[in-house]
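Trainee: Could you work out the structure for the sequence below:
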Amino acid sequence: MSGKGKLVGWIVVLAMWTGMGVGLNMMNENNSCSNCQEISNTAEDMIEWIIEDEASGNVGRDQADTYIDNLEGIIIDLGVTR
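Mentor: Here you go, the predicted structure:
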């Protein structure tokens, strides 16, 4: 994958992450979450992608761990059971 492709890929990831953050804020304000399961599923998908990126050398181990920890935190905050 070219450098430009990696950049575009990570921009998409960060945009999705931002969207999930907005969703969490809305959940906290309304004390309910109509799409918590979908947000949780997306976070789990992103964890899988990060693991694959780390295995292929596109992301460093420390960076991958940080992303995974943050995504797992989102899942925990949602209170969605797996």
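Trainee: where in this protein is pLDDT low?
Mentor: Applying pLDDT under 70 to the chain picks out residues 1-5, 21-32, 81-82.
Trainee: Spatially, which residue comes closest to residue 36, not counting chain neighbours?
Mentor: With Cβ to Cβ, 6 or more residues apart in numbering as the criterion, residue 36 has its nearest non-adjacent residue at 4.6 Å, and that residue is residue 78. For glycine as for every other residue, the C-beta is placed from the backbone atoms N, C-alpha and C.
Trainee: wait, isn't the one you found in contact with residue 42?
Mentor: No - contact criterion Cβ atoms under 8 Å: residue 78 and residue 42 do not qualify, at 10.8 Å.
Trainee: Which parts of the protein are helices?
Mentor: Applying DSSP state H to the chain gives helices spanning 3-30, 36-55, 61-78.
Trainee: Mind putting those helices into a markdown table with mean neighbour count?
Mentor: Below are those laid out as a markdown table (neighbours: other Cβ atoms under 10 Å):
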| stretch | mean neighbour count |
| --- | --- |
| helix 3-30 | 12 |
| helix 36-55 | 16 |
| helix 61-78 | 15 |
